[in-house]
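Colleague: The following comprises the amino acid sequence and a computationally predicted model.
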Amino acid sequence: QVQLVESGGGLVQAGGSLRLSCAASGRPFNNYYMGWFRQAPGKEREFVAAISWNWASTYYADSVKGRFTISRDDAKNTVGLQIYSLKPEDTAVYYCAASTSLQSLRIGANINYWGKGTLVTVSS
């Protein structure tokens, strides 16, 4: 059974940092694009970041550039999201996703696998 399980969410003060992790299991993911999405209360789920299978490229939403860093460890089947300078507007459920298509991943359509999410709450 293929699973993506996120961890690392929690309550943090504005200006703080947090590292999210996604553990993938059930199959190798070394040829998948991996990414993160988030959904704030009352809003649509939005793309945050993606990384190619060979670390060749990373992609970020404009709203998080310079503050978020995506990484992956294919030997451990994990994907990380380091978040710096957290803002209250970063409050959301953060989801891990995997896709064989970068385009699909960036628009959040036809994703092969989704995690169930981890909640990040940023207090002002």
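Modeller: It's in.
Colleague: Quick check: Ser63 vs Ser52, distance?
Modeller: Separation of Ser63 from Ser52 (CB to CB, to the nearest Å) stands at 21 Å. C-beta: built from backbone N, CA, C; applies to glycine.
Colleague: Can you give the contact residues for stretch 33-42?
Modeller: 20, 22, 24, 45-53, 59, 68, 70, 72, 79, 81, 89-102, 105-106, 108, 117, 120 (CB atoms under 8 Å, 6 or more residues apart in numbering).
Colleague: Quick check: Arg67 touching Glu89?
Modeller: No: using CB atoms under 8 Å, Arg67 makes no contact with Glu89, being 11.3 Å away.
Colleague: Would you list the phi and psi of Trp114?
Modeller: Note on Trp114: its backbone torsions stand at phi -120, psi 150 [degrees, to the nearest 10].
Colleague: Count the neighbours of it for me.
Modeller: Neighbour count of Trp114, defined by other CB atoms under 10 Å: 15.
Colleague: Repeat that for Cys22.
Modeller: Neighbours of Cys22 (other CB under 10 Å): 26.
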